[in-house]
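[1] Let me see the structure of the following:
(chains A and B)
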Amino acid sequence: MKERCRRARSDRGQSPHTDCKRGRCICPGKAEGEALVSKEPLGFYGCVSAKTGVVIEKGHELEGKCVKGKILVFPCGKGSTVGSYVIYGLAKNKVAPKAIVNKETETIVATGVILAGIPCVDKIDLEGIKSGDKLKIDAEHGIVELEQEPSVTKAEISAQRAKDIAKAENEKKKGN
Amino acid sequence: MYLTKEEEKILAGEKGEVMERMFRLLVRLGDIYGADRMIPVRSVQVAGVSYKSIEDPGMEFLEDIAKKGAKVQAITFLNPAGMDMEDWKKMGIPPEFAKKQIRIMNAFAEMGIVTSATCTPYLAGNLPRFGEHIAWSESSAVSFANSVIGARTNREGGPSALAAALCGVTPRYGLHVPENRRPDFHIHVTAELKGSSDFGALGYHVGKIVKNKAPYFTGLPEADTDHLKALGAAMAASGAVALYHVEDQTPEARLHDPKGLEKVEVSVKDIAATYEKLNTGKKADIVIFGCPHASLREITEIAAKLKGKKVKRPLWVCTSRMVKECASRMGLVKAIEGAGATVVADTCMVVSPIEDIGYKTTGTSSGKAANYLPGFCKQSVMFRSVDDLIREVLQ
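    Numbers count the residues shown, from 1 in each chain, chains lettered A, B, ... in the order given. A predicted model of the protein is given here:
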């Protein structure tokens, strides 16, 4: 397994910042995107709106956040057995996460992702994955690659860019 | 996972696209959770019935299966719907909601499912035997079947139970395997429990502690099936308990010894603290009994307490259509309705759109309902005994 990860890394010549974890395939498929991480269990029925993809459970750490297009990371599911239909509904309404990563996927979430065709991997150590991280999922092989973005640098770049634009605009005004 | 030649054929699509898709779901779940093979099931209960829970995508999913002609191969009941299928107008259900709920029920009927919509199938004609493998999904019914009857089922999701009904089998893992039915916690109850609401409070408290593990109770008073229904329902809601044992009272308890398990004592203080925690509202706009669906015994008691009186605020008693029929014949429905209250069949407060009808605080004697009402129905809760709540609505 380690070899596979290493190979994947060197093939694309990525920085050693890439961390690779391997778990169990719940539903095959590939996805790449930004992580949305919950440290507490996440239910779906009554907790996530199937229409909008927004987490609606009062007091949940993801309350108000939208799962659409994210790699949704949470330890395990909870609550009503109707949750499978909510996950299916998210996909039908085009507001589903791109993939789901769990520590332990129970049957309700498993049934939902299989029906909806959402790539899903479990038995992953979620330690070290935080919201905003770039994740690359190869669910069939149970692989979760974590590219730890040098987030400070990125912020600095955009700040610099904003300054540049402001400066250019200022000069333009002066020119006028 | 081992598959028979017959089963391989289903996977190869020889029995049609729906069967292939449903069977593939079961095989994948079996592979994930370490099943060795499929086992036949002859009793199924399917959740995901209310339009409020499954919305348009769920409805279309079911209609598609029905349209393609798939039929169930086991006696299959449904979980509560989002409304009384006969008296929905009286309940104040919006017609748009009703139209979609009827479409969902029609799709299930086309598959050969008994459209008895209840969370207590065991009180309404779907009763498995001890040791029988079944595929049920309503969490309180799963708990009752495993614990009180001694049948064997995992907590199925709505679609996986439907797949089991259509294919007539379920993957053998989890609670289908005897070794996985051992208790994990020893819960010793020193508190004196009086009625169903006390059992509900105990269940809520214990579910939070044991989460998805199996508790073994000692110290419980002799409980009837209504008490055990309340206990199991609350544990399945606050935790994900699918199986529990009660010393000298449930059928598999004698197979196990609580000695050596992690022991937790539940005192009168814990029960009192649970009541306090579950009470988030002061004055109930409506009182709803029957979570899980009221038994004939419970309806008899409520009718006796209401006879000759008048309620000042709405009171619903939720039950299955079967029990309501019997209650009608015995004059109990008349007694309850004579007091200005309503007996509602096929549905319950958690899956019906009560927040849209305008209620803000609901009174309940159910630990399960007290757990779900704030989130699902945006309700404040008044959690009390049946007697206290009836006194409340008569004032």
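[2] What parts of chain A come near chain B?
    Within chain A, the positions near chain B by C-beta under 8 Å from any C-beta of the partner chain are A:24, A:26-27, A:45-47, A:50-51, A:57-58, A:78-86, A:88-89, A:91-93, A:105-108, A:110-112, A:114-115. The C-beta positions use only the backbone N, C-alpha and C, and glycine is treated the same way.
[3] Just the buried residues of the residues you listed.
    Neighbour-count burial (16 or more other C-beta atoms under 10 Å in any protein chain shown) applied to the residues of chain A next to chain B gives A:24, A:26-27, A:45-47, A:50, A:57, A:78-86, A:88-89, A:91-93, A:105-108, A:110-112, A:114-115.
[4] Report how many residues lie close to residue 143.
    This is for chain A. 21 (other C-beta atoms under 10 Å in any protein chain shown).
[5] Can you look at chain B instead?
    Neighbouring residues of residue B:143 were enumerated by other C-beta under 10 Å; the total is 30.
[6] List the residues that contact it.
    Residue B:143 makes contact with B:232-233, B:235-236, B:241-244 under the criterion C-beta atoms under 8 Å, 6 or more residues apart in numbering or on different chains.
[7] and it, that's in a helix?
    Yes. Residue B:143: assigned to a helix according to DSSP: H, G, I helix; E, B strand; the rest coil.
[8] Check the nearest residue to it once chain neighbours are set aside and give its pLDDT.
    The shortest distance from residue B:143 to any residue that is not its chain neighbour, by C-beta to C-beta, 6 or more residues apart in numbering or on different chains, is 3.5 Å, and that residue is residue B:232. Taken from the predicted model, the pLDDT recorded for residue B:232 is 98.
[9] Helix or strand: which one has residue B:232?
    For residue B:232, the enclosing helix or strand under DSSP states H and E is helix B:225-238.
[10] in chain B, which helix or strand is least confident?
    Least confident element among the helices and strands of chain B, by mean pLDDT, DSSP states H and E: helix B:354-357 (a mean of 81).
[11] Please name the strands paired to the strand ranked longest in chain A in the sheet, noting orientation.
    When secondary structure is assigned using DSSP state E, the longest strand within chain A turns out to be strand A:30-37. Applying DSSP bridges, strand A:30-37 is found paired with strand A:71-74 (parallel), strand A:134-138 (antiparallel).
[12] Distance from that strand to the middle of the chain?
    Mean-position distance between strand A:30-37 and its chain equals 3 Å (C-alpha atoms, centre = their mean, to the nearest Å).
[13] Contact distance from chain A - what residues of the stretch 201-350 of chain B qualify?
    With C-beta under 8 Å from any C-beta as the criterion, the stretch 201-350 of chain B comes near chain A at residues B:212, B:240.
[14] Nearest to chain A within the stretch 201-350 of chain B, name that residue for me.
    For the stretch 201-350 of chain B, the nearest residue to chain A under the criterion C-beta to the nearest C-beta is residue B:240, separated by 6.8 Å.
[15] where does that residue fall, helix, sheet strand or coil?
    Per three-state DSSP, residue B:240 ends up coil.
[16] on that earlier part again, enumerate every residue touching the residue nearest to residue B:143.
    Residue B:232 makes contacts with B:140, B:143-144, B:147-148, B:203, B:241, B:244, as judged by C-beta under 8 Å, 6+ apart.
[17] cutoff 6 Å now
    Residues near residue B:232 by C-beta atoms under 6 Å, 6 or more residues apart in numbering or on different chains: B:140, B:143-144, B:147.
[18] can you give me the strands in chain A?
    Listed in chain order, the strands of chain A (DSSP E) span A:18-22, A:24-27, A:30-37, A:71-74, A:99-102, A:120-122, A:134-138, A:143-147.
[19] quick one: residue B:80 and residue B:360, what's the gap?
    Counting by C-beta to C-beta, to the nearest Å, the separation of residue B:80 from residue B:360 is 22 Å.
[20] meant to ask about residue A:53
    Taken as C-beta to C-beta, the spacing of residue A:53 relative to residue B:360 amounts to 27 Å.
[21] go on, residue B:221?
    With distances defined as C-beta to C-beta, the gap from residue B:221 to residue B:360 amounts to 36 Å.
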